[in-house]
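[1] Please work out how this folds:
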Amino acid sequence: MVVDHSFALANLTDSRYFSSRIGPGESSVEAGEMNLSFGYNTNGFAQHKLEDALEIIADCGYRGVALTLDNYHCNPFTVEPPDLNRLRQVLDKLQLRVVIETGARYLLNPQRERYPTLVSSEGRQIRLEFLRRAVDIAAELHAECVSFWSGAPDPEVPEHQAWDWLVTGCLQLAEHSKRHGVQLAFEPEPGMLVDDMAKFEVLKKHITSARFGLTMDIGHVFCTETAPFRQVYGKFANLIRNVHIEDIRDRKHEHLMFGEGELDFVAILRVLNDNKYNGLINVELPRHSHRAAEVARASIEFLNAMGEKIPPPTSHAVPKSAPSATH
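    Numbering: from 1, shown residues only. Next up, the predicted model:
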């Protein structure tokens, strides 16, 4: 695959993309000082036109969207500045906050899923170019962050080499994001090089930029961590810029519809509330596109019901985590 490096988007270096628009509505669960805002990932609307998906998501009552850049959803290799301007207007009209997601399965290679990555034996520059374009799009759309992961190394690649490649790529991307005023949110993903919170902690020691934060996928935490969720969240609270949410059963990495797994969502949402998290909490159900509208509506109804059961914040909450404009 040949990447056209002449592609360029207008640079926005201010911090307008850190939206503070959280109003009362179906997707904001409020009680006392509590305010949790839910979003929905467009990878669960893979068979819809993007604008149609956004309208359904807003109509369901969500306050935000996790926009997965994909072949037919804001493809970063074909989108033009006028397209992004129109998309920004749609998001504003629908009053949707936005984060950018980069986990498309076949955008970079039509035959090999999620390949190449930052730790592949070849093609790493293609992935890095994709992530740079994601940062450019985030700046144009005033997105709160760009979420990304490490990928899994090829079997023949030594682990130390994969780590070297990952750190190098993250450092380059962090510098690009700093220039454009965009927040990064790295996601530990089961089965990848950085698959748990301990390895994220190692990576963060190498990437000291304040622009390099964390996407915490709640289901992943329950798959990989043994400590209580409140303890895990509290340890990383100041780095969390983006949250994914879905159900999980038997610590198996399979994103399930709410109620099909075994997670205690009242307890989970209470942790987010007690820590005053004010970023988006994005439903991630990528295997449910065949019932997208139905699943999106059922998900927000479930989360709202769980949120109504949350008591007011406790007095011992740690400092809040949220999008930050600090360089």
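
[2] where do the helices sit along this protein?
    Along the chain, the segments classed as helices by DSSP state H run 50-60, 81-94, 124-141, 159-180, 197-206, 218-224, 229-236, 265-274, 292-307.

[3] which ones are touching residue 123?
    Contacts for residue 123 were tallied using C-beta atoms under 8 Å, 6 or more residues apart in numbering; they are 1, 108-109, 115-116. Using the backbone N, CA and C atoms, a C-beta is placed for each residue, glycine as well.

[4] hmm, 6 Å instead?
    Contact analysis of residue 123 by C-beta atoms under 6 Å, 6 or more residues apart in numbering lists residue 116.

[5] on that earlier part again, let's have the helices of the chain in a markdown table, adding mean neighbour count and distance to residue 152.
    Output for the helices of the chain, formatted as a markdown table (neighbours: other C-beta atoms under 10 Å; distance: least, C-beta to C-beta, whole Å):
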| stretch | mean neighbour count | distance to residue 152 |
| --- | --- | --- |
| helix 50-60 | 19 | 28 |
| helix 81-94 | 14 | 31 |
| helix 124-141 | 22 | 12 |
| helix 159-180 | 18 | 9 |
| helix 197-206 | 16 | 13 |
| helix 218-224 | 22 | 14 |
| helix 229-236 | 17 | 22 |
| helix 265-274 | 21 | 27 |
| helix 292-307 | 19 | 28 |
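
[6] could these go into TSV alongside mean pLDDT?
    Below are the helices of the chain laid out as TSV (pLDDT from 0 to 100):
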stretch	mean pLDDT
helix 50-60	98
helix 81-94	98
helix 124-141	98
helix 159-180	98
helix 197-206	98
helix 218-224	97
helix 229-236	98
helix 265-274	96
helix 292-307	96
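
[7] any residues touching stretch 210-223, and which ones?
    Against stretch 210-223 from outside (C-beta under 6 Å, 6+ apart): 147, 174, 177-178, 183-187, 190, 232, 236, 239-246, 248, 251, 253, 268, 326.

[8] Name only those of those that count as buried.
    Buried by 16 or more other C-beta atoms under 10 Å: 147, 174, 177-178, 183-187, 232, 236, 239-246, 248, 268, out of those.

[9] now the stretch 1-150 of the chain, which segments are flagged as low pLDDT?
    The model of the stretch 1-150 of the chain has pLDDT under 70 over residues 1-34.

[10] Apply 50 and report the result again.
    Confidence mapping of the stretch 1-150 of the chain against pLDDT under 50 gives the ranges 1-26, 31-33.

[11] for it, what spans make up the strands?
    For the stretch 1-150 of the chain, strands defined by DSSP state E, counting those that start in this stretch occupy the ranges 28-31, 34-41, 64-68, 97-101, 146-148.

[12] Restrict the third one to CA atoms and write it as CSV.
    Coordinates of each C-alpha in strand 64-68 appear next as CSV, following Å, rounded to 0.1, in the frame of the first residue of the first chain:
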residue,chain,number,x,y,z
GLY,A,64,-21.3,11.8,22.3
VAL,A,65,-19.9,9.5,19.6
ALA,A,66,-16.8,7.4,19.3
LEU,A,67,-16.0,7.9,15.6
THR,A,68,-14.1,4.9,14.3
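
[13] Could I get the buried residue list for that strand?
    By neighbour count on 16+ other C-beta under 10 Å, the buried set for strand 64-68 is 64-68.

[14] which helices and strands sit right next to that strand?
    strand 34-41, strand 97-101 (3 or more C-beta pairs under 6 Å, 6 or more residues apart in numbering; DSSP states H and E).

[15] quick one: strands adjacent to it?
    Using DSSP bridges, strand 64-68 pairs in its sheet with strand 34-41 (parallel), strand 97-101 (parallel).

[16] ok, and the closest non-adjacent residue to the residue lying farthest from the centre of the chain?
    The C-alpha centroid of the chain is most remote from residue 156, which lies 29.6 Å away (C-alpha atoms, centre = their mean). Leaving aside its sequence neighbours, residue 156 sits nearest to residue 121 (C-beta to C-beta, 6 or more residues apart in numbering; 6.7 Å).
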